[in-house]
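Student: this one's structure only:
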């Protein structure tokens with residue numbers, strides 16, 4: 001665990017800009033995440049399947065960009081956001097309302113460990129053994145909002161801690177996006193009221209990503225696929241028998257068990273395709289792709305010299 005002071009270079013630049021930033025942070029894990037492009041994801045502790053589904057869906061899309069997910073390690077949307085970030089090979093930051101040696105909620109002790117194990121970060125402004133209390137949850141929320149370029153609200157009850165986080169983010173001149181919810185769902189009442197008050201509505205991840213041109217799309221690792229030689233199906237068995245070592249007609253007939261007349265037709269076709277060539281002693285050898293290209297280049301050079 002490391003103590004970071006507000007004047008330290010590693011102190012999160014975005015957090016410095018909010019009203020009343022913590023003068024000291026206790027941090028464990030990857031310090032580089034503190035000044036990365038963060039998006040906070042917050043919502044109800046008693047989220048519905050609707051909230052879970054859209055939380056996971058948005059974060060999967062975010063994973064294609066250089067984004068770090070920030071949340072509060074609480075039950076419900078917070079925990080879902082952290083887990084989906086880990087499942088999508090993203091970095092995630094958990095901000096605690098307690099000391100780092102007194103994890104709350106206790107149900108998320110394993111998630112806490114997984115975040116650290118997978119290159120994530122955990123933060124608190126409290127001494128290591130400090131217990132979680134009501135006021136500390138509200139104080140924690142300002143850090144969640146302050147670390148990020150934007151906050152995404154998913155299922156917030158009216159006058160909940162989530163709506164407080166949204167207000168803090170707005171006051172800090174950060175973008176706040178809300179996923180609209182069903183009018184029948186009381187857990188979406190706060191979210192819908194935020195939209196009614198002028199907070200931005202997000203119905204797709206692109207509604208958020210498109211606002212930030214500096215977000216870089218991750219480079220997808222392309223697997224090196226070895227291209228197989230394209231040989232007609234009816235000639236494949238014959239083509240596989242012929243290799244670097246010259247093979248005579250008797251050997252090939254014995255292996256393929258086809259008549260001489262049929263064999264000669266197929267050998268001729270493979271020659272014309274540039275797959276094999278006839279060498280001394282009425283034997284055949286395979287032409288590798290690089291060899292064929294090399295021969296082709298030499299032929300073209302000869303043509304140019306001859307003025308053809």
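Tutor: Noted; the coordinates are in hand. On a predicted model such as this, the values are computed, not experimentally measured, just so you know.

Student: low-confidence ranges in the stretch 201-308 of the chain?
Tutor: 219-230, 288-308 (pLDDT under 70).

Student: how about the helices in it?
Tutor: 206-209, 236-241, 249-256, 260-272, 289-305 (DSSP state H, counting those that start in this stretch).

Student: in the first one, which residues are buried?
Tutor: This points to helix 206-209. For helix 206-209, burial by neighbour count (16 or more other Cβ atoms under 10 Å) applies to 208, 209. C-betas here are computed from N, CA, C, even on glycine.

Student: which elements pack onto that helix?
Tutor: Packed against helix 206-209, as judged by 3 or more Cβ pairs under 8 Å, 6 or more residues apart in numbering; DSSP states H and E, are the following elements: helix 49-62, strand 175-179.

Student: now swap in the second one and tell me
Tutor: Under the contact criterion of 3+ Cβ pairs under 8 Å, 6+ apart, helix 236-241 touches helix 249-256, helix 260-272.

Student: so what touches the longest one?
Tutor: Which is helix 260-272. 231-232, 234-235, 238-239, 242, 249, 252-253, 256, 258, 276-278, 284 (Cβ atoms under 8 Å, 6 or more residues apart in numbering).

Student: which of the residues in it are buried?
Tutor: In helix 260-272, counting by 16+ other Cβ under 10 Å, buried: 263, 266, 267, 270.

Student: which of the residues you listed lies closest to residue 188?
Tutor: Here the nearest of the buried residues of helix 260-272 to residue 188, counting by Cβ to Cβ, is residue 270; it sits at 67.3 Å.

Student: how close does the closest one sit to residue 232?
Tutor: Residue 270 is 9 Å from residue 232, where distance means Cβ to Cβ, to the nearest Å.

Student: secondary structure class of residue 123, three-state.
Tutor: Under DSSP: H, G, I helix; E, B strand; the rest coil, residue 123 falls in the strand class.

Student: wait, it sits on residue 24?
Tutor: No. Using Cβ atoms under 8 Å, residue 123 makes no contact with residue 24, being 11.1 Å away.

Student: more neighbours: these two, which one.
Tutor: residue 123 (26 against 13; other Cβ atoms under 10 Å).

Student: not counting its neighbours along the chain, what's nearest the more buried one?
Tutor: residue 95 (5.0 Å; Cβ to Cβ, 6 or more residues apart in numbering).

Student: next, the buried residues of stretch 105-117.
Tutor: For stretch 105-117, by 16+ other Cβ under 10 Å, it's 108, 111, 112, 115.

Student: next one: stretch 195-210
Tutor: For stretch 195-210, by 16+ other Cβ under 10 Å, it's 195, 199, 200, 202, 205, 208, 209.

Student: quote the end-to-end distance of it.
Tutor: 19 Å (Cα to Cα, to the nearest Å).

Student: residues near residue 276, how many?
Tutor: Other residues near residue 276 come to 23 when the count uses other Cβ under 10 Å.

Student: no wait, residue 167
Tutor: 16.
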